[in-house]
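> pasting the structure only:
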């Protein structure tokens, strides 16, 4: 493993992830060596901890140029020496500076390489620009930003596979670097559920930590940097103070803006409402999670996963998080109400106030929520699950199997044979049917992915409050077109809306005059789609989706007027088009064609 940061001490999400992975691989019988940058000039060059051999290289911290060059060349030199002494089966790289020197070295030629993409390095640099000696602003900062783009791009191009912690990070890889999904493997972070667990007596934990027994406690543990949004949370506390002056916010962590945040809190008169804890040692961290009524994650940008989120949930503490990065992926399946409605301090304050009020009015429901938080982590974010997946991926890379010939992939629309095409949509590759020229996604989503999407993410993305007037008008225009086709519903007509969206189309149809309607639930839709996918190879479906501009997307919903006992004439054809997700109003449109089956 090669990293810009040292696994000891494990401060911050990246270092803790590195340590958990390396130590747990050793516990499973693997030989793991970590090459990393020395944190201080006097740090020992070699060390061993719990079977993990750590070799550090010194860097020149006097200038930015010296720091970058020594980081690249130091990692390259040490890895070359390590491989000369003892070959490796797989190279696992965690950050770009040390990584680019190693990945461009002749010593690793032919060696399988896994690159862990935690967060875009250039955007991380931009968020800290002007805050430290190594994150300069002005022309020097622009040059550094450009250099980081090239450095990370070089690492990604030379990696055999790319590991991400979330779908959000996979989407960033596509948007920023054009990395397709077939090169990406998602293995989420995790929490140690034996260490992070609910307390038998939360009151006793508060007493042990010297915290007030009766006050509502809000906790956040972050690197104190601007992108973490702590200034927004402090502003929210100033607003919350008007209704709930007894609420207390505990801020754990260190960083470059601590003094600024403390001064800001003091200026807002929050001496009794905000307390800075500084660095929280590992042995005390679970206690603070257990003591809190709620953990707040006010991230402003670049939340690639959120290790503290799953650690807090593992302790049975609900998390209120901003709708940024991967946070919705973790919290939405648990409860959509845990997603803050926005980044504005006024919105945060109102959502926190509602949460605290609900806790006070119905403590039994709150206790059930705490139990659900723990079950959620046990089901999805344990280290056993994560390490199984990582071990499988490293074993696959080390084996370097030859690509199988594979069976022909048939078109689900007409049954014709498909061939790989140049189409890439949101990072996913597509295949082109040689008979009907439809495009079909090369790797369909799994039944679990479909269920998670339609039962959690879909509901949040297309909620009633988020549907625009333009989209609502689209539903009306579809009904107008059906009217033009002579398909206006009568008493015996049935409108079947598969997918439903937020139910807006059905409401618009009812307003037109008493049509009976039916809608599928999203959970049922996910199961039906999963079954359809499993049987698509043996039973072609009559619906095909074609893109007018060569780009394809999955449809949001399909609608039909069905008159009981009637048959569609052989020439019947209904066509509708709408903007694909992510396109501009005048951009790409997707056309859905329904023919007589």
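Structure's in. What do you need? As the structure is a prediction and not an experimental result, all values here were calculated from the model.
> and residue 412, how close does it get to residue 444?
9 Å (C-beta to C-beta, to the nearest Å). Placement of C-beta: from N, CA and C, glycine included.
> these two: which is more packed in?
residue 412 (23 against 16; other C-beta atoms under 10 Å).
> can I see the domain layout of this structure?
Segmentation of the chain into domains, based on automatic domain parsing, reads 2-186, 202-381, 444-595.
> which one, of those domains, ends up nearest to residue 425?
domain 444-595 (5.7 Å; C-beta to C-beta).
> the stretch 301-450 of the chain: strands as residue ranges?
Assigned by DSSP state E, counting those that start in this stretch, the stretch 301-450 of the chain shows strands spanning 319-321, 418-425, 428-433, 439-441.
> now render these as a markdown table, adding distance to residue 153, mean pLDDT and mean neighbour count.
Formatted as a markdown table, the strands of the stretch 301-450 of the chain follow (distance: least, C-beta to C-beta, whole Å; pLDDT from 0 to 100; neighbours: other C-beta atoms under 10 Å):
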| stretch | distance to residue 153 | mean pLDDT | mean neighbour count |
| --- | --- | --- | --- |
| strand 319-321 | 30 | 97 | 24 |
| strand 418-425 | 17 | 86 | 15 |
| strand 428-433 | 20 | 88 | 19 |
| strand 439-441 | 26 | 85 | 20 |
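> any idea which of those gets closest to residue 108?
Closest among the strands of the stretch 301-450 of the chain, using C-beta to C-beta: strand 428-433, at 27.2 Å.
> what packs against that closest one?
Strand 428-433 sits against strand 418-425, strand 439-441, with contacts defined as 3 or more C-beta pairs under 8 Å, 6 or more residues apart in numbering; DSSP states H and E.
> sheet-wise, list the partners of the first one with their directions.
In the sheet, strand 418-425 lines up against strand 428-433 (antiparallel) (DSSP bridges).
> residues contacting the partner strand, please?
For strand 428-433, contacts defined as C-beta atoms under 8 Å, 6 or more residues apart in numbering pick out 180-182, 409, 411, 413-414, 416-421, 423-424, 438-443, 552.
> could you redo the last one with a cut-off of 10 Å?
174, 180-182, 409-424, 438-445, 544, 546-547, 550-552 (C-beta atoms under 10 Å, 6 or more residues apart in numbering).
> ok, residue 177 - contacts?
117, 120, 149, 152, 153, 155, 156, 157, 162.
> which residues does the last one form beta bridges with?
Per DSSP bridges, residues listed as beta-bridge partners of residue 162: residue 115, residue 184.
> okay, now it: neighbour count?
Residue 162 has 23 nearby residues by other C-beta under 10 Å.
> just the pLDDT at residue 543, thanks.
At residue 543, the model reports a pLDDT of 33.
> and for residue 66?
87.
> now residue 159. Its backbone dihedrals?
phi -80, psi 140 (degrees, to the nearest 10).
> ok, it touching residue 112?
Yes - Residue 159 is within contact range of residue 112, at 9.4 Å (criterion: C-beta atoms under 10 Å).
> of these two, which one has the most company?
residue 159 (22 against 19).
> now the nearest residue to that one once chain neighbours are set aside: how far from residue 247?
Leaving aside its sequence neighbours, residue 159 sits nearest to residue 115 (C-beta to C-beta, 6 or more residues apart in numbering; 3.7 Å). From residue 115 across to residue 247, the span is 43 Å (C-beta to C-beta).
> so which of these two has more stuff around it?
residue 115 (25 against 20).
> pull the contacting residues for that one.
2, 91-96, 99, 103, 152, 155-164, 183.
> do that again at 7 Å, thanks
Shown in contact with residue 115 (C-beta atoms under 7 Å, 6 or more residues apart in numbering): 93, 99, 155, 156, 159, 162, 163.
> go on, residue 124?
residue 302.
> try it again with 8 Å
With C-beta under 8 Å, 6+ apart, residue 124 has these contacts: 227, 302.
> and the pLDDT at it?
83.
> would you mind measuring from it to residue 197?
32 Å.
> before we move on, what about residue 203?
17 Å.
> tell me which of the two has more neighbours.
residue 197 (17 against 12).
> so the more buried one: helix, strand or coil?
What DSSP: H, G, I helix; E, B strand; the rest coil gives for residue 197 is coil.
> that one and residue 315 touch, don't they?
Yes - taking C-beta atoms under 8 Å as the definition, residue 197 is a contact partner of residue 315 at 6.4 Å.
> so what sits against both of those two?
By C-beta under 8 Å, 6+ apart, the residues touching both residue 197 and residue 315 are 286, 374.
> neighbours around the residue nearest to residue 127 when sequence neighbours are not counted, how many?
Spatial nearest neighbour of residue 127, excluding adjacent residues (C-beta to C-beta, 6+ apart): residue 227 at 4.1 Å. When neighbours are defined as other C-beta under 10 Å, residue 227 has 19 of them.
> ok, the residue nearest to residue 159 to residue 163 distance?
7 Å.
> and if you look at residue 366?
36 Å.
> what do you get for residue 412?
31 Å.
> what's the answer for residue 335, then?
28 Å.
> before we move on, the earlier item: what pLDDT does the model give the residue nearest to residue 127?
pLDDT, read off for residue 227, is 89.
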